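# Provide a 3D model corresponding to the input given below.
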Amino acid sequence: MSRIISTETPGRKRASIFKLIVSLMPAIRAEKVSAEARNDIIAFIVLSLEEVDKSVQDTLAPWEKRGYWSKADHFRMEWEWVGQVRESIIKEETPAGWQKWPEALVKVFVHLADIKQPRKKMGRFWEGSYMLYKKQK
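Purely as a prediction, here's the structure:
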């Protein structure tokens, strides 16, 4: 059996995740969003930020293996906001989910301000994310 080689680098993975998060902006800005949809959207963002955090660790592993400690520390500090924002969003959750949009979402979109909104409509890809989030919790 041959090896499976992943061509997706951690940086590309982060970029594609961020594009998905940015594509959620119209849904977040909508005036009427059901509680279920809000929970799904926020859970999708939380799960996505977790994947971004993992990709940061995947980037750091080879650098630390080679002894590039200062480069790894600088990169880790640059991406520290991801874990902090994720934890802030999780703290605002109630037993019934998120009752309102977490204030930490503003920090996410501030960091993603340079990413352009995708032109294609992506559908409602976030549906079911809250149930997945609850299972992983």
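
# the longest helix in this protein is where?
Ordering each helix of the chain by length in residues (DSSP state H) puts helix 35-66 first.

# now do the helix or strand following that helix, average pLDDT.
Once the chain leaves helix 35-66, the next helix or strand it forms, by DSSP states H and E, is helix 69-78. Across helix 69-78, the average pLDDT comes to 95.

# for stretch 22-30, same thing?
90.

# straight-line length of it, end to end?
End-to-end span of stretch 22-30 (CA to CA, to the nearest Å): 14 Å.

# tell me which residues are up against that stretch.
Stretch 22-30 has contacts (CB atoms under 8 Å, 6 or more residues apart in numbering) with 33, 37, 41, 44-45, 101, 105, 109, 112, 115-118, 122, 126. For every residue, glycine as well, the C-beta is placed using N, CA and C.

# these in helices, which ones?
37, 41, 44, 45, 105, 109.

# can you turn the buried part of the residues you listed into a PyMOL selection?
Buried members of the ones in helices among the contacts of stretch 22-30, defined by 16 or more other CB atoms under 10 Å, are picked up in PyMOL with:
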select buried, resi 37+41+44+45+105
